[in-house]
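Novice: need a structure here:
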Amino acid sequence: MNMPSQATETFQKKDNLFLHPWEDVQNLGKNRRTVISASDGIYVSDTDGNQLLDGPAGMWCVNIGHRRQEMADAIAGQVMQMTYASPWSLTSEPAAVLAEKLSELSPGDLNHVFYTTCGSTAVDSALRFVMFRNNVLGQPQKKQVISRTNAYHGSTYLSASASGKSQDKTYLDTLDRTFHHIADPNLMDRPAGMSLAEYCRDRVEALENKIREIGADKVAAFIAEPILASGGVLLAPQGYHSACLEVCRNHDIVYISDEVVTGFGRLGHFFASEAVFDIVPDIITCAKGITSGYVPLGAFLVSDRLLKSIDARDPQVVFSNGFTYSGHPVACAAALKNIEIMENENLMEHVRTIAPYFQEQLSTLTDLPVVTDVRGCGLMACVECHLDGKGNRSLDRDYKIGNLIDKHCQSLGLLVRPIINMCVMSPPLVINTRQIDELVSKLRQGIERAMQEAKSGEA
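Specialist: Numbers count the residues shown, from 1 in each chain. As a prediction, this is how the structure comes out:
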């Protein structure tokens with residue numbers, strides 16, 4: 001791997017004026033982040049000329065791969081035709097056409113689209129809509145929201161409150177009296193001797209018990225990722241989501257499916273809620289893959305049922321929520337071209353075909369002593385590692401092995417997304433079998449080198 005050049009060091013110095021997401025404030029002024037300067041297909045390159053396989057697809061988002069000329073042409077063409085129009089009193093052709101397309105792709109009666117700027121604002125707006133609806137219906141007390149531990153739903157005040165990862169809330173305020181968290185369906189926590197069916201019932205009962213504890217007349221919504229992504233690619237037992245949806249229906253609770261990660265092909269379908277998990281929720285949130293990360297865009301899709309319940313209550317009802325860039329014509333044009341590429345290249349079918357190979361090859365890593373679990377679905381997976389090889393959790397040791405793997409993988413030409421001790425893989429959907437072999441080979445070498453360094457450091 002090439003050593004940092006003077007140009008790279010100059011960029012890194014300037015970068016320390018950029019307060020990054022999840023910034024460790026104690027390291028301000030000392031960071032030496034890799035400077036990405038180019039990208040193509042499933043690879044990115046840094047300012048020192050090192051090519052890196054983009055294992056996380058940016059941040060779960062570069063689904064069609066980097067540097068697509070069709071995307072550049074669509075974005076530039078929309079800029080030159082019409083740059084911006086206010087979404088308050090006007091609309092644009094791309095926003096209108098995309099709304100129709102999303103309505104066609106979405107399951108059930110989720111036929112209306114509210115545009116936002118990203119996944120966080122999509123979740124935030126969806127939650128605001130649920131609370132707004134209950135106010136209109138004369139149920140101002142029905143505002144409590146149930147989420148799950150290890151869930152990640154965003155970084156706005158409401159979406160961060162819905163998130164359940166405790167380490168993300170240090171020194172930050174959240175609405176603890178409004179948001180409640182139940183145990184996530186982490187299969188690694190399944191008690192010995194308990195069947196999957198029993199474990200599923202146990203986790204569904206956790207939802208029922210929390211509703212009972214709060215009072216069904218006070219619970220507005222249950223929000224769940226089909227797969228807990230940033231929580232470590234946690235998969236629920238079969239039937240969990242449909243059982244939770246039934247519980248919500250029985251208590252007049254809105255079910256929000258957060259498909260910011262799983263939408264737009266990550267699991268081989270434009271939306272995974274119905275196709276993979278057999279549910280038609282009341283609201284679906286999406287972002288990331290909707291434009292493959294080329295420009296920011298988010299949205300939530302809402303069912304006709306919810307809208308019809310309020311449309312006749314008061315002719316003066318206004319959902320006073322929105323953004324300057326709601327339905328931005330350039331972002332919507334990018335989304336339309338992105339979806340067109342996915343359809344023309346049969347990317348959904350490609351993912352469904354290649355995903356088993358992806359999961360099988362990653363599962364071969366379980367022969368490494370520190371690898372305690374490999375799990376995933378579609379083109380998203382997690383390789384969980386523990387220095388003791390037994391799954392015993394120690395935050396310091398978990399961070400140590402995760403950081404070592406990250407360092408060595410990058411030196412080998414692979415970007416991983418380390419989440420403490422978990423290596424998350426979610427490559428661009430255009431990846432092929434040869435590139436999967438490359439990814440797994442470099443990940444194996446990175447883990448082996450991390451093990452060796454950790455062992456020598458403890459000697």
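Novice: so which bits of stretch 51-59 are buried?
Specialist: The neighbour-count check on stretch 51-59 (16 or more other Cβ atoms under 10 Å) flags 52-58 as buried. C-beta here means a position set from N, CA and C on the backbone, and glycine is covered the same way.
Novice: mind saving the C-alpha coords of that stretch as PDB?
Specialist: Written as PDB, here are the backbone C-alpha positions of stretch 51-59 (Å, rounded to 0.1, in the frame of the first residue of the first chain):
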ATOM      1  CA  GLN A  51      -7.500   0.900  -5.000                       C
ATOM      2  CA  LEU A  52      -9.900  -0.300  -2.400                       C
ATOM      3  CA  LEU A  53     -12.900  -2.700  -2.900                       C
ATOM      4  CA  ASP A  54     -15.900  -0.800  -1.500                       C
ATOM      5  CA  GLY A  55     -17.200  -3.500   0.900                       C
ATOM      6  CA  PRO A  56     -19.900  -1.200   2.500                       C
ATOM      7  CA  ALA A  57     -21.000   0.400  -0.800                       C
ATOM      8  CA  GLY A  58     -20.200   3.800   0.800                       C
ATOM      9  CA  MET A  59     -22.800   3.600   3.600                       C
END
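Novice: so where is the chain shaky, pLDDT-wise?
Specialist: 312, 391-393, 458-459 (pLDDT under 70).
Novice: outline the domain layout of it.
Specialist: For the chain, automatic domain parsing gives the domain ranges 34-64+346-458, 70-344.
Novice: want to throw those domains into a markdown table with distance to residue 6?
Specialist: Output for these, formatted as a markdown table (distance: least, Cβ to Cβ, whole Å):
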| stretch | distance to residue 6 |
| --- | --- |
| domain 34-64+346-458 | 10 |
| domain 70-344 | 30 |
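Novice: all helices of the chain, in order?
Specialist: Shown for the chain, the helices assigned by DSSP state H span residues 6-15, 57-60, 69-81, 93-105, 119-136, 157-162, 196-214, 240-250, 272-277, 304-308, 329-344, 347-363, 395-412, 433-458.
Novice: so how far is the longest one from its chain's centroid?
Specialist: Looking back up the chat, that one is helix 433-458. Averaging C-alpha positions (Cα atoms, centre = their mean, to the nearest Å) puts helix 433-458 25 Å from its chain's average.
Novice: got the angle between it and helix 395-412?
Specialist: Taking axes from the mean of the first three to the mean of the last three Cα atoms, to 10 degrees, one finds helix 433-458 and helix 395-412 inclined to each other by 130 degrees.
Novice: what angle separates helix 433-458 from helix 347-363?
Specialist: Using the same axes, to 10 degrees: helix 433-458 against helix 347-363 is 30 degrees.
Novice: run a quick neighbour tally on residue 222.
Specialist: Neighbourhood size, residue 222 [other Cβ atoms under 10 Å]: 26.
Novice: cool, residue 333 as well?
Specialist: 27.
Novice: what do you get for residue 24?
Specialist: Residue 24: 9 neighbours (other Cβ under 10 Å).
Novice: how about it, phi and psi?
Specialist: Dihedral pair for residue 24: phi -80, psi 100, per degrees, to the nearest 10.
Novice: and it, how far from residue 265?
Specialist: Distance from residue 24 to residue 265, counting by Cβ to Cβ, to the nearest Å: 33 Å.
Novice: over to residue 49?
Specialist: 31 Å.
Novice: repeat for residue 220
Specialist: In terms of Cβ to Cβ, residue 220 sits 31 Å off from residue 265.
Novice: give me the more crowded residue out of those two.
Specialist: residue 265 (27 against 21).
Novice: now do the contacts for the closest residue to residue 277 other than its chain neighbours.
Specialist: Distances taken as Cβ to Cβ, 6 or more residues apart in numbering put residue 241 closest to residue 277, at 4.5 Å, once the chain neighbours are dropped. Listed by Cβ atoms under 8 Å, 6 or more residues apart in numbering, the contact set of residue 241 reads 224, 226, 257, 273, 277-279.
Novice: buried among the residues you listed? Make that a PyMOL selection.
Specialist: Here is the PyMOL selection string for the buried members of these, based on 16+ other Cβ under 10 Å:
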select buried, resi 224+226+257+273+277+279
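Novice: output the contacts of residue 241 as JSON lines; include the columns distance to residue 422.
Specialist: As requested, the contacts of residue 241 are exported to JSON lines (distance: Cβ to Cβ, whole Å):
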{"residue": "224", "distance to residue 422": "20"}
{"residue": "226", "distance to residue 422": "18"}
{"residue": "257", "distance to residue 422": "23"}
{"residue": "273", "distance to residue 422": "24"}
{"residue": "277", "distance to residue 422": "22"}
{"residue": "278", "distance to residue 422": "27"}
{"residue": "279", "distance to residue 422": "26"}
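Novice: nearest to residue 316 among the contacts of residue 241?
Specialist: The nearest member of the contacts of residue 241 to residue 316, counting by Cβ to Cβ, is residue 257 at 30.8 Å.
Novice: so that closest one sits right up against residue 227, yeah?
Specialist: No. With contacts counted by Cβ atoms under 8 Å, residue 257 stays clear of residue 227, the gap being 11.0 Å.
Novice: center of this structure - which residue?
Specialist: residue 261 (3.2 Å; Cα atoms, centre = their mean).
Novice: export stretch 198-206 as CSV, just CAs?
Specialist: Presented in CSV, the C-alpha positions along stretch 198-206 are these (Å, rounded to 0.1, in the frame of the first residue of the first chain):
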residue,chain,number,x,y,z
GLU,A,198,-40.3,-20.4,20.9
TYR,A,199,-37.8,-17.6,20.5
CYS,A,200,-39.9,-15.9,18.0
ARG,A,201,-43.0,-16.0,20.3
ASP,A,202,-40.8,-14.7,23.1
ARG,A,203,-39.7,-11.7,21.1
VAL,A,204,-43.3,-11.0,19.9
GLU,A,205,-44.5,-11.3,23.4
ALA,A,206,-42.0,-8.5,24.3
